[in-house]
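I would like the atomic coordinates for the input below:
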Amino acid sequence: MGTAVINTVREYIRRFVSTKEIGPNAVQVGIAQFATDTRLVMDLQTHGTKESLLSSLAAIRARSGQTINIGAALDFVRLNMLRPEKGSRISRNVPQLLLLIVSKQSSDSVAGPAQALQKLGVLALAAGSRAAVEDEMKQIAFSDSMVFMAKDFRQLFRNAREITDALSTLSGTVVVESPTDPAVITTVQRVFRDIVFLVDGSNYVGSSNLPFVRDFMINIVNQLNISPEQVQIGLMQFAEQPRIEFYLNSYNNNRDVVDKISQLRLTGGSVLNTGAAMSYALDNMFQTSVGSRKLQGAVQVLILITGGPLQDDAGSEADRLALANVLTFTVSSGQADQEELKKIAFIPNLAYHKQRFSELPALVDDMMQNIITVVGDTEVITGGERDVAFLIDGTDSVQGFFPYIRDFILKVIEPLDIGTDKIRVSVVQHSEKPTPVFYLKTYQTKEEVIRAVQGMALAGGRSLNTGAALRYMKSTIMSDSNGSRAAQNVPQFLIVLAADRSMDSVTGPAGELKTDGVVPFGVGVKNADKKQIEAIAHNPSFAFNVKEFRELEPILPKINTYISLSKDQLESALRQGKTDNLSFSVR
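Below is the predicted model:
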């Protein structure tokens, strides 16, 4: 590679690293260069911060040499870089990803070294240009879809979103076959996932195509290890109304799941409310009470199988699922609209379509790698310091709804880059008087904050004095002594959630907070006074009123959008007092 190409590659690495949280407990990056031989640029553990890593990229320079030995380079990475003493966390089940970038054919064999990496569980991606051989790239990449070819590297990396998306979402281990044996034996992977099948039960599929749909699901199940410690399966069908066939925790072995799928009979009908069924699945299947292990870190997966057109608003429900970190796959045939379903899938690459239902069982071979490896991390909001405080209703009246309040807080903080020098979080309950759960300075990591919220118990009380609580937030929580960085010009956010009317006035205390530069959101539920909520909020666009606690989730994207704005963008938005010109995506 010449200097111009190396500069292009270096710039891509710089852009990729700039979007990630770098560190021993986050993303680690190692780099090696090769021609005839291979040279280490940096180990996985060389740089513990993003700044240090970015400043070292200048070490990537063009090397002389007419031939390249890709096989030897792959062995070098496996034997010298992907090792615990060099920073690899493979023993802790941290995904091991390799992006190979080449511009010509290898002078040595790549098959053996590629297989050795695959057996180790490394997910390899291959990017090639000019004289690179695509078939050679396919031997190296863990699937053909992870081969990226272009005429030149400038073209390849000018629009490198597919590569970046793959590096950002892949996780897990590669499916490998057992060593030589007269019988074909496939090793079942240790995968930790909750998978719900959502099957079109209408006449668009019909009884004639049902066997193909059942075989498709059974083929997936047969490649997984069903158990409470590994993969759990749930099944729903839908037409005009959704119907649960069995929950994630209903069956704990492959045989029982396959037997139940084999017994599936369709409800029929010509009305197809796909969006409503997706919403029902999120609210009723991906819940801890029926087997979801999302709190233990199990990846949540929804596989939608349909043969008809979308007849309701499935897009907004797809957003809800994505925001809840549920990976949606779509599998379609018949009269289903392939392009519309790409918008429903978590990412377009997870939308699969076949002209005939009879082709679905064989589709499993193409899907399986993504089913067991893709992860759906919500984009982490980085790029600035912020102080975010919650003031929540802690009265006896919300006792039965307190899990919704905890869940609301967890989903607001889920995409935040929490840390002492990043985003700080505080939670306070209030009734007649405020009760701090923890201060802005109490916890230094997201894990600590999440544990504190999950373990939070209702403080109790008979009525709300929200005005007094707002004064407490100003004088105590949003103070230098308790961790506020307002004096350092760090943006200050306050999210107030109440389910009843305040017995004292909120207008004066809310105004004092705003004068101090705090940006309050007002969230009212059930019997909250709409005018009080609007008085608390920075402006009406920051006020949200819903009838039920289960309706809180749709407001999360707007709150997270504001929290993620840069200082300049936030100041502009506050001056406008409107959300009309703000665009945001939750998928």
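
where in the stretch 301-450 of the chain is pLDDT low?
375-383 (pLDDT under 70).

All the strands of it, residue numbers only.
326-332, 351-353, 386-393, 423-430, 434-438 (DSSP state E, counting those that start in this stretch).

Tell me the helices and strands packed up against the third one.
Packing partners of strand 386-393 (3 or more C-beta pairs under 8 Å, 6 or more residues apart in numbering; DSSP states H and E): helix 402-413, strand 423-430, helix 466-472, strand 492-498. Bear in mind the C-beta positions are built from the backbone N, C-alpha and C, glycine included.

go again using 6 Å as the cut-off
When contacts are defined as 3 or more C-beta pairs under 6 Å, 6 or more residues apart in numbering; DSSP states H and E, strand 386-393 sits against strand 423-430, strand 492-498.

quick revisit: next, format the strands of the stretch 301-450 of the chain as TSV and append distance to Val490 and mean neighbour count.
As requested, the strands of the stretch 301-450 of the chain are exported to TSV (distance: least, C-beta to C-beta, whole Å; neighbours: other C-beta atoms under 10 Å):
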stretch	distance to Val490	mean neighbour count
strand 326-332	33	26
strand 351-353	41	20
strand 386-393	6	25
strand 423-430	8	26
strand 434-438	18	19
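
And stretch 140-147, what's buried?
Across stretch 140-147, burial judged by 16 or more other C-beta atoms under 10 Å covers 140-143, 146-147.

Most distant residue from the centre of this structure?
Computed with C-alpha atoms, centre = their mean, the residue of the chain farthest from its C-alpha average is Gln66, at 42.5 Å.

Ramachandran angles for it?
phi -90, psi -20 (degrees, to the nearest 10).

right, and out of the buried residues of stretch 140-147, which lies closest to Asn545?
For the buried residues of stretch 140-147, the closest approach to Asn545 (C-beta to C-beta) belongs to Met146, at 46.6 Å.

which ones are touching that closest one?
Neighbouring residues of Met146 by C-beta atoms under 6 Å, 6 or more residues apart in numbering: Leu125.

how far away is it from Thr274?
30 Å (C-beta to C-beta, to the nearest Å).

got it, and Gln66?
57 Å.

isn't Gly467 right up against Pro509?
Yes. Under the criterion of C-beta atoms under 6 Å, Gly467 makes contact with Pro509 at 4.7 Å.

For this protein, give me the ranges with low pLDDT.
Applying pLDDT under 70 to the chain flags the ranges 1-4, 64, 130, 153-159, 169-190, 375-383, 566-569, 571-587.

can you rerun that using 50?
Low-confidence segments of the chain (pLDDT under 50): 172-189, 377-383, 578-587.

tell me the domain boundaries of it?
Domain assignment for the chain by automatic domain parsing gives 3-169, 193-373, 386-576.

re the thing from before, filter the buried residues of stretch 140-147 down to just the ones in strands.
Taking DSSP state E as the definition of strands, the buried residues of stretch 140-147 contribute Val147.

Now for the buried residues of stretch 140-147: which two are most distant?
Ile140 and Ser143, at 10.9 Å, using C-beta to C-beta across the buried residues of stretch 140-147.

Leu54 and Phe16: what is the separation?
Counting by C-beta to C-beta, the gap from Leu54 to Phe16 is 11 Å.

So for those two, which sits in the more crowded spot?
Taking other C-beta atoms under 10 Å, Leu54 and Phe16 do not tie; Phe16 has more neighbours (18 against 15).

buried sites along the helix or strand harbouring that one?
In this assignment (DSSP states H and E), Phe16 forms part of helix 3-18. The neighbour-count check on helix 3-18 (16+ other C-beta under 10 Å) flags 5-10, 12-13, 16-17 as buried.

Convert the C-alpha atoms of it to PDB, please.
Extracted C-alpha coordinates of helix 3-18, given in PDB (Å, rounded to 0.1, in the frame of the first residue of the first chain):
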ATOM      1  CA  THR A   3       1.200   6.500   1.300                       C
ATOM      2  CA  ALA A   4      -2.100   7.700   0.000                       C
ATOM      3  CA  VAL A   5      -3.800   4.400   0.800                       C
ATOM      4  CA  ILE A   6      -2.200   4.100   4.200                       C
ATOM      5  CA  ASN A   7      -3.500   7.600   5.000                       C
ATOM      6  CA  THR A   8      -7.000   6.500   4.000                       C
ATOM      7  CA  VAL A   9      -6.800   3.400   6.200                       C
ATOM      8  CA  ARG A  10      -5.400   5.500   9.100                       C
ATOM      9  CA  GLU A  11      -8.200   8.000   8.800                       C
ATOM     10  CA  TYR A  12     -10.800   5.200   8.900                       C
ATOM     11  CA  ILE A  13      -9.300   3.800  12.000                       C
ATOM     12  CA  ARG A  14      -9.200   7.300  13.600                       C
ATOM     13  CA  ARG A  15     -12.900   7.800  12.800                       C
ATOM     14  CA  PHE A  16     -13.900   4.400  14.100                       C
ATOM     15  CA  VAL A  17     -11.900   4.800  17.400                       C
ATOM     16  CA  SER A  18     -13.400   8.300  17.900                       C
END
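
so how far does stretch 389-402 reach from one end to the other?
18 Å (C-alpha to C-alpha, to the nearest Å).

whoops, I mixed them up, stretch 351-358
Terminal residues of stretch 351-358 lie 17 Å apart, using C-alpha to C-alpha.

Relative to the whole chain's centre, how far out is it?
26 Å (C-alpha atoms, centre = their mean, to the nearest Å).

ok, and what's touching that stretch?
Under C-beta under 6 Å, 6+ apart, the answer for stretch 351-358 is 209, 212, 330-333, 338, 341-342, 345, 360, 363.

And the nearest residue to Pro554 once chain neighbours are set aside, how far from Leu497?
Leaving aside its chain neighbours, Pro554 sits nearest to Arg320 (7.0 Å; criterion: C-beta to C-beta, 6 or more residues apart in numbering). The gap separating Arg320 from Leu497 is 19 Å, by C-beta to C-beta.

repeat for Asp312
Relative to Leu497, Asp312 is positioned 30 Å away (C-beta to C-beta).

So between the two, which is more surrounded?
More crowded of Asp312 and Leu497, by other C-beta under 10 Å: Leu497, with 24 against 16.

Quick check, Phe438 in contact with Ala452.
Yes. Contact criterion C-beta under 6 Å: Phe438 and Ala452 qualify, at 5.4 Å.

The helix or strand harbouring Leu513: which residues count as buried?
Leu513 belongs to helix 507-515 when elements are defined using DSSP H and E. With burial defined by 16+ other C-beta under 10 Å, the residues of helix 507-515 counted as buried are 509-510, 513-514.

Out of the residues you listed, flag the one nearest to Asn284.
Within the buried residues of helix 507-515, proximity to Asn284 (C-beta to C-beta) peaks at Ala510, which comes in at 37.5 Å.

any idea how far the residue lying closest to that closest one once chain neighbours are set aside is from Ala499?
Nearest residue to Ala510, sequence neighbours excluded (C-beta to C-beta, 6+ apart): Ile536, at 4.7 Å. Taking C-beta to C-beta as the measure, Ile536 falls 14 Å from Ala499.

From the contact counts, what lies against the helix holding Leu513?
Using 3+ C-beta pairs under 6 Å, 6+ apart, the elements in contact with helix 507-515 are helix 466-472, helix 530-536.

Helix or strand next in line after that helix, which one?
Later in the chain than helix 507-515, the nearest helix or strand by DSSP H and E is strand 518-525.

neighbouring contacts of that following strand?
For strand 518-525, contacts defined as C-beta under 6 Å, 6+ apart pick out 492-499, 513, 533, 536-538, 542-546, 549, 559.

now with 7 Å?
Strand 518-525 is contacted from outside by 478, 491-499, 510, 513-514, 530, 533-534, 536-538, 542-546, 549, 559, 574, using C-beta atoms under 7 Å, 6 or more residues apart in numbering.
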